[in-house]
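Trainee: any chance you could fold what I've pasted below:
(chains A and B)
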Amino acid sequence: MRRLLLLLALCAIVPLQGARAERDPILVPEVSQHEVRVRQGFTGTELLLFGAILDPAGTRAARGYDVVVVLKGPSEPIRLREKAKVGGVWLNAASTDFRSAPSYFAVASSRPVAEIVDEKTAAIYEFGTRFIQLSPTGEIDPAEQARFSAGLVDLKQRQGLYKEDMNGVSISEGVLYQARFELPSRVTTGTYTAETFAVTDGRVVSSAVAEVEVRKVGFERFVELFALSQSFLYGLLAVGLSVGMGWIAGRLFALV
Amino acid sequence: MDVYLPIANLSVNGLVIVALGALTGVLSGLFGVGGGFLTTPLLIFYGIPPTVAAASASTQVTGASVSGVLAHNRRGGVDYKLGAVTVVGGAIGSVIGALLFRFFKSIGQIDTVISILYVVMLGTIGTLMAREAWTAIRASTTGERLPAAKRRHHPLVAALPLRWRFYRSGLYISPLAPLILGVGVGILTMLMGVGGGFILVPAMLYILGMSAGVVVGTSLFNILFVTMVTTMMHALTTKAVDIVLAALLLLGSVSGAQIGTQFAQKVKPEMLRLVLAAIVLLVALRMLYGLGVTPDEIYTVNPL
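Mentor: All right, here's what the predicted structure looks like:
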């Protein structure tokens, strides 16, 4: 009996999947550079995310699709503090913890997200800075949580780390799409994921992921590793450097 | 000229940082203050994370003090004995300071504590110095003679047990006085990320009653060692010393310190004190204003 039910269920699913596969487009994403090297003189960079939307038949997509690209940097747990005026002095009052605040978050879409999908879908796929899933911890008061999230987004936006560009994706001939993202020099190193979504009739029909590795190389990498793993030697080096430079300057000026 | 700072994780204009170093270097040579009380706030204002700013500023102050100490040493302006006593106090103080720092940081009030300390300390010292320097200047312009240099230490200092001779300072006092002073300055160095010279110089003059000629050199000598300890503490605990940032600051400040020291000998000391008092008061007022006015950032992010 159970086996029969399972069989029936399978029969019901398989044709459905087949139908979807026929209808849904395939996304072929690509990134201008898979590795961003942070080294001396790094002042930020521009990433170009592009690709093609293909119908399963291999021809160009017959219908119009909207494309949304979400680029996310590595997440980290943070504590967000909020200042308030207490007795005439501004000091940190309330605080809240987020388990996964992305260090970088950018959304680009071919049309304003509100015109493409409804609120619920946008929230599920994080189509916008107000939909970032921050995983708050501790007691959750929705109103307070919303205030803190908005505060974080506003802060990161002004640092150029959170971005929304509602016309950032351009689609040519219904086949090729491209989006540009600015990475400022203060980006965190790590693996960045660029997820591309094809949307039609308010429904996400296809998605694909591309990864970008942001890492320090050469001297910068060496300094970072040195400071972390050999902190005592690093401290001595810093002290030595300052004493040495001070001493040399003293000797040089004594000659003048 | 863009330079990427590997620990601060951002790129800055190298020339701006060198200029900033030079400015604090001149101050350091001129007044015997480390200049950290200007470097740290300016670096933060420039967008460098506060911990990195404080840690790297203390490294820079070391360099500026070396060249300052050397310059003062050439004319016998350092009391090494008294300096060594304050250094011992400073080492004890920086350990206490590190514990306090961690405590205030864990309850999220470190920024407020620092600002209030700045306002109170700088405000008091600035006012005292300005008043003293002003009287001296007015006396010299009217030709009226001040009651002949009645240099003496605070009555409390005289009450302390045990007495040592400090020849260069012209003092016969208890070593506990400079030791306690050193502890206090050490705590402030760790908490405020400054060398503490702006407290040490007036304290040496008005509390210990040291002869003015060795005050600046001895203060720099103390700052030199205390900031070395602080740099090591930061390297080991916060890991926030950015060696590239420190090197840029040093480039400016070691040259600035030399210029400042040479200039200091051509200017009347009371005039110097008046200018320093004005700068100190200015910073204090700016901090006071910052405490009361709505901050640019209501929210701050702390990694867990």
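
Trainee: by residue count, what's the longest helix in chain A?
Mentor: Counting residues, the longest helix in chain A under DSSP state H turns out to be helix A:231-255.

Trainee: residues in contact with whatever residue of the stretch 1-150 of chain B ends up closest to chain A?
Mentor: Closest to chain A within the stretch 1-150 of chain B is B:V66: 2.8 Å, counting by CB to the nearest CB. Heads up, the C-betas are built off the backbone N, CA and C, glycines and all. By CB atoms under 8 Å, 6 or more residues apart in numbering or on different chains, B:V66 lies in contact with A:242-243, A:245-247, A:250, B:224, B:254.

Trainee: secondary structure element for it?
Mentor: helix B:50-74 (DSSP states H and E).

Trainee: give me the most central residue, chain A.
Mentor: A:K72 (1.4 Å; CA atoms, centre = their mean).

Trainee: hang on, the earlier thing: quick check: angle from the longest helix of chain A to helix B:50-74?
Mentor: For helix A:231-255 against helix B:50-74, the angle by axes from the mean of the first three to the mean of the last three CA atoms, to 10 degrees is 40 degrees.

Trainee: for B:I92, which non-adjacent residue is closest in space?
Mentor: B:V183 (5.3 Å; CB to CB, 6 or more residues apart in numbering or on different chains).

Trainee: burial count for the one you found?
Mentor: 21 (other CB atoms under 10 Å in any protein chain shown).

Trainee: wait, a helix at it?
Mentor: Yes - the assignment for B:V183 by DSSP: H, G, I helix; E, B strand; the rest coil puts it in a helix.

Trainee: contacts only, for it.
Mentor: B:V183 is in contact with B:89-90, B:92-93, B:96, counting by CB under 8 Å, 6+ apart.

Trainee: wait, what's in contact with B:G25?
Mentor: Per CB under 8 Å, 6+ apart, neighbours of B:G25: B:35, B:64, B:252-260.

Trainee: immediately after the helix or strand of chain B with the lowest mean pLDDT, which helix or strand?
Mentor: Lowest on mean pLDDT, DSSP states H and E among the helices and strands of chain B sits helix B:155-159, with a mean of 68. Toward the C-terminus, helix B:155-159 is succeeded by strand B:164-166 as the next helix or strand (DSSP H and E).

Trainee: what strands line up against that next one, and which way round?
Mentor: strand B:171-173 (antiparallel) (DSSP bridges).

Trainee: hmm, back to that, filter the contacts of B:V183 down to just the ones in helices.
Mentor: B:89-90, B:92-93, B:96.

Trainee: those residues into JSON lines, with extra columns for neighbour count, pLDDT and distance to B:R75?
Mentor: Converted to JSON lines, the ones in helices among the contacts of B:V183 look like this (neighbours: other CB atoms under 10 Å in any protein chain shown; pLDDT from 0 to 100; distance: CB to CB, whole Å):
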{"residue": "B:G89", "neighbour count": "25", "pLDDT": "89", "distance to B:R75": "26"}
{"residue": "B:G90", "neighbour count": "33", "pLDDT": "87", "distance to B:R75": "24"}
{"residue": "B:I92", "neighbour count": "15", "pLDDT": "89", "distance to B:R75": "31"}
{"residue": "B:G93", "neighbour count": "27", "pLDDT": "89", "distance to B:R75": "29"}
{"residue": "B:I96", "neighbour count": "15", "pLDDT": "89", "distance to B:R75": "35"}
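
Trainee: between these, which is closest to B:I207?
Mentor: B:G89 (13.5 Å; CB to CB).

Trainee: surely the closest one meets B:P178?
Mentor: Yes - under the criterion of CB atoms under 8 Å, B:G89 makes contact with B:P178 at 6.9 Å.

Trainee: so which bits of the stretch 101-250 of chain A are right by chain B?
Mentor: A:101, A:148, A:151-152, A:154-155, A:184-189, A:216, A:219-221, A:223-224, A:227-228, A:231-232, A:234-239, A:241-243, A:245-250 (CB under 8 Å from any CB of the partner chain).

Trainee: name the nearest residue to residue 113, sequence neighbours excluded.
Mentor: Here I'm looking at chain A. Closest to A:V113 by CB to CB, 6+ apart is A:F127, at 4.6 Å.

Trainee: chain B is the one I meant
Mentor: B:F104 is the one closest to B:V113 (CB to CB, 6+ apart), at 4.9 Å.

Trainee: what helix or strand does the one you found sit in?
Mentor: Assessed by DSSP H and E, B:F104 sits inside helix B:80-106.

Trainee: what's the separation between the residue nearest to B:I92 and B:V216?
Mentor: As judged by CB to CB, to the nearest Å, B:V183 and B:V216 stand 21 Å apart.

Trainee: where does residue 236 land on pLDDT?
Mentor: Looking at chain A here, since you left the chain open. On pLDDT, A:L236 comes in at 93.

Trainee: correction: the question concerned chain B.
Mentor: 85.

Trainee: now swap in A:R180 and tell me
Mentor: 93.

Trainee: quick one: low-confidence parts of chain A?
Mentor: Filtered on pLDDT under 70, chain A yields the residue ranges A:1-23, A:57-63, A:255-256.

Trainee: just the strands in it please.
Mentor: Using DSSP state E, the strands found in chain A span residues A:26-31, A:35-38, A:45-54, A:66-72, A:75-86, A:89-102, A:105-109, A:162-165, A:169-172, A:176-183, A:190-200, A:203-216.

Trainee: switch these over to JSON lines; also include distance to B:P202.
Mentor: Shown next, in JSON lines, are the strands of chain A (distance: least, CB to CB, whole Å):
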{"stretch": "strand A:26-31", "distance to B:P202": "60"}
{"stretch": "strand A:35-38", "distance to B:P202": "45"}
{"stretch": "strand A:45-54", "distance to B:P202": "50"}
{"stretch": "strand A:66-72", "distance to B:P202": "53"}
{"stretch": "strand A:75-86", "distance to B:P202": "32"}
{"stretch": "strand A:89-102", "distance to B:P202": "26"}
{"stretch": "strand A:105-109", "distance to B:P202": "50"}
{"stretch": "strand A:162-165", "distance to B:P202": "47"}
{"stretch": "strand A:169-172", "distance to B:P202": "63"}
{"stretch": "strand A:176-183", "distance to B:P202": "48"}
{"stretch": "strand A:190-200", "distance to B:P202": "49"}
{"stretch": "strand A:203-216", "distance to B:P202": "45"}
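
Trainee: okay, those, which one's buried deepest?
Mentor: When you average the neighbours per residue for each of the strands of chain A (mean count of other CB atoms under 10 Å in any protein chain shown), strand A:105-109 leads with a mean of 26.

Trainee: name the residues that touch it?
Mentor: Contacts of strand A:105-109 (CB under 8 Å, 6+ apart): A:66-73, A:113, A:116, A:126-129, A:132, A:156, A:161-169, A:179-181.

Trainee: which of the contacts of B:V66 lies closest to B:V85?
Mentor: Nearest to B:V85, judged by CB to CB, of the contacts of B:V66 is B:L224 at 14.5 Å.

Trainee: quick one: the helix or strand where the closest one lies to helix B:50-74, angle?
Mentor: Using DSSP H and E, B:L224 falls within helix B:212-236. Angle, helix B:212-236 to helix B:50-74, by the same axes, to 10 degrees: 150 degrees.

Trainee: angle of helix B:212-236 against helix B:80-106?
Mentor: Using the same axes, to 10 degrees: helix B:212-236 against helix B:80-106 is 40 degrees.

Trainee: is helix B:212-236 positioned near chain A?
Mentor: Yes - Helix B:212-236 reaches chain A (CB under 8 Å from any CB) through B:228, B:231-232, B:234-236.

Trainee: and stretch B:281-292, how far out from the chain middle?
Mentor: The chain centre lies 17 Å from the centre of stretch B:281-292; the measure is CA atoms, centre = their mean, to the nearest Å.
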